[in-house]
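Q: my questions concern the predicted model and sequence given below.
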Amino acid sequence: MIATSRSIATKKADRSIRRRALLSLIVVAALLLVVVDGMGQPRTPAEEAGNGGQGDRPQDGAGDERQGPAAEMTEWQGLMLPPGVEGEVIADGLMFPTGIDWDTNGTLYVSLVGFAPDNRQILRQTDDDSFEPLDLSGANITEQILDLTYHEGSIYFSSTGRIHVHDLGTNETRTIMEGLPAWGDHRTDEIVFGEDGRLYVGQGTVTNSGLVGFDNLGQPNAINNVSGERPEYRDIPCEDIRLSGWNWETAHPFNVATDLNADQGAGQDAETVHYETEEEARQAIEDDRRGGNRTQQDRPGNQSAAQENETARRDGLWLTWRETGAERAVTGPFSPFATPTYQGQTIEGEAKCNGSVLSMEPDGSDLRPVAWGFRNPFALKFDDEGRLWVSDNGPDKRGSRPLGPGPDTIQRFEVDSGNDTLPWYGWPDHTVGYAYTHPFFAPPWGPDVEPVFDEPPSEPITQFTWTGSHASSNKFDFGLNGTTYENSLFIAEFGSLGIQVKVDALSGMDVARVDLETGRVTEFITGVDRWNGDFRPVEAVFGPDDRLYVVTFGPAKLTPEEGNTTRGAAYTEEFQPGEGRILAFTLPDQMDWDGLPVGNPGGQGQFPSGGETGTRPDNATVVNVFDYGFSEAGPVGVGTPVTFANIGRVGHTATEDGNLFNSGFELAPRTNFTWTPQETGTYSYYCAVHPSMRGSIEVQEEATAEEEEEDDGEAVPGFGVALGLVALGGMAVVMRGRRGI
């Protein structure tokens, strides 16, 4: 039978409806297959991150918790003490104390830093337990007092760039050493006496990383050294060095109105430039001279006429700063601002050098360096074997040559080793066995890190152990012989501050214990509210009564600012005057050291262990490491790889509390570290350079065969996608169909 035109049209319409219905079913099935398959795939760091690539940030305070086998702590006077530790307040209401010591009669002496001239004092405890100041008028103390020590009837103490002695018998004070290079970022630090009867003192560096930059403009002679009335503002090496030829070009502060709080002021506009010869460096100066002809009135900044005529000279390279009119300045390391250097250029070493441990006779004569390559060797102590131990504060990410998360370190060395080479500990090019050019130390802004030295002064010495970045590891003491803690070092960690750096992760603000066999660091005494800045210890030392004395500087309250800056999360601090204290702690005969919260895994914890660097298996569970925290990770099965993916802008570590796995300093930005669990349990981990970063993951029994078969999409990654493609192919066939009836 021949169909009519209407019946043909009706059939076509029916086929079209059926085709569209089938098409819809195929599309839905294909999409479901793809989605289900996606659920079985590990997400990329960007997918895991969300929130602008920052990952799932912990709730407020979540990153502060110390997980793991922590001992029951006791609250006392706003502090958390380990079991059995008892405390006593010896003195309070002090105006920023910095150190203590006792004479042979057991009389206690206290140094006050003296931000204000009237507060630069040495106090002596009287019979009624009050304090009276010593008469220091003979020394004309004009700068801050950092330390004091008793030696043979006198109190020796350090102020900025000077060392003084007060005779307790005659009540006379005199200066035995001055002109030490303490006119920059760091001061003249702790004084100790060796068995040889000589005085040893730590001298900090002038700059953060070997280069004078915009971060130094607050110092009075960094750039405005009128008529040379103060020494050249630069770092001074302890021995002759050869420079790499790398220089840093920045805005010229004399001729460009610069906001120190802006990116430009922070040094983020810096660019590196390399000069191979002296002629190239001189040409750079000539180029600056032709940079413009602006008059004094045209130039921003309130400089005097004397400053207009100021010149800087270094190794025959002349630059008249204010006469150039240049908007850019090129500065080399170990040189004054706007002084370029060239490859192979020699900078002569001097006895009064910085970043060093210096030695002299008790009268200040025969000054000589015994080690250098430190940044801020804040504290010194001799052990029973005559070895000198040093705590050194690591670098900041600021200035024209910012360095990434460099940790604080604890060093030890033989003073009279018999070597012809002066011990060098790496600053400003190396730390903890790594060069600062390693990706882990890459700053989140600014140019790539380039080396300062053409040839290192010597092979850099690796530290004994290290602590967190910005922990400010300060004065310390060894455990008493014959006790269960004799194999310990107790160190006061002042903690993070927000000065210029705008600290982003918090560390320190505790008294830590270092195991002298392994170098493992654990927290010993902390504040109740760990990160609010109330507890600021500067010294931990055992007294004549065998108690551990802790000097607290006074609160430096940390207040988080709204939002973030390009230099990191923003905290500001506010010092509270007149709230310094001296505390004394009695330690128990027995102590569960393993039960204390871990601070870092040990002396060689900067190197990876227990996992693989750079790997990321397809079936891995991903934990994102961001600035500054870990994303949450759900339970995983035994044998399932766990990949820590650093999606942040600075280096971090993923370190298990018991050091079962440790990424070390190989978890640089955009790198991975993978650990495969072999046993069930809950594993806590942290970042050893930013210890406020904490996380944990639960490991369960691996899935059974039946469970794997029931787990659609996970057993065969990509299978759902393949089925989806087949379905879509079927859809295309349906769409094409056959024409006509």
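A: Arrived safely, thanks for sending. Residues are numbered from 1 along each chain as shown.
Q: mind giving me the domain split of the protein?
A: Residue ranges of the domains in the chain are recorded as 19-40+714-741, 45-61+600-710, 73-207+350-598, 221-344, according to automatic domain parsing.
Q: would you turn those domains into TSV with distance to residue 215 and mean pLDDT?
A: Bear in mind the C-beta positions are built from the backbone N, C-alpha and C, glycine included. Listed next are these as TSV, based on distance: least, C-beta to C-beta, whole Å; pLDDT from 0 to 100:
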stretch	distance to residue 215	mean pLDDT
domain 19-40+714-741	47	42
domain 45-61+600-710	18	82
domain 73-207+350-598	4	90
domain 221-344	6	65
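Q: ok, which of the ones you listed comes nearest residue 214?
A: Ranking these by their distance to residue 214 (criterion: C-beta to C-beta) puts domain 221-344 first, at 5.2 Å.
Q: just the CA trace of stretch 269-279, in PDB.
A: Taking only C-alpha atoms (Å, rounded to 0.1, in the frame of the first residue of the first chain), the coordinates of stretch 269-279 have been written out as PDB:
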ATOM      1  CA  ASP A 269      61.400  46.300  41.400                       C
ATOM      2  CA  ALA A 270      65.000  45.100  41.700                       C
ATOM      3  CA  GLU A 271      66.700  43.600  38.700                       C
ATOM      4  CA  THR A 272      70.000  41.700  38.500                       C
ATOM      5  CA  VAL A 273      72.800  42.800  36.300                       C
ATOM      6  CA  HIS A 274      76.200  41.100  35.800                       C
ATOM      7  CA  TYR A 275      79.500  42.900  35.100                       C
ATOM      8  CA  GLU A 276      82.500  40.800  34.100                       C
ATOM      9  CA  THR A 277      85.000  43.600  34.100                       C
ATOM     10  CA  GLU A 278      85.900  46.800  36.000                       C
ATOM     11  CA  GLU A 279      85.400  48.700  32.800                       C
END
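Q: not counting its neighbours along the chain, what's nearest residue 478?
A: If you skip the residues right next to it in sequence, residue 478 has residue 489 as its closest partner in space, 5.6 Å away by C-beta to C-beta, 6 or more residues apart in numbering.
Q: tell me which element that neighbour is part of?
A: strand 488-493 (DSSP states H and E).
Q: may I see the buried residues of that strand?
A: By 16 or more other C-beta atoms under 10 Å, the buried positions in strand 488-493 come out as 488-493.
Q: can you lay out the domains of the chain as a markdown table showing distance to residue 214?
A: Listed next are those as a markdown table, based on distance: least, C-beta to C-beta, whole Å:
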| stretch | distance to residue 214 |
| --- | --- |
| domain 19-40+714-741 | 49 |
| domain 45-61+600-710 | 21 |
| domain 73-207+350-598 | 7 |
| domain 221-344 | 5 |
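Q: between those domains, which one is nearest to residue 213?
A: Comparing these by C-beta to C-beta, domain 73-207+350-598 comes nearest, at 3.6 Å.
Q: where does the residue nearest the centre of the chain fall, phi/psi-wise?
A: Nearest to the centroid of the C-alpha atoms of the chain, with distances taken as C-alpha atoms, centre = their mean, sits residue 469, at 2.5 Å. The phi/psi pair for residue 469 (degrees, to the nearest 10) reads phi -60, psi 130.
Q: again with the one 3 residues further on
A: Per-residue torsions, residue 472: phi 50, psi 60 (degrees, to the nearest 10).
Q: many thanks, we can stop here.
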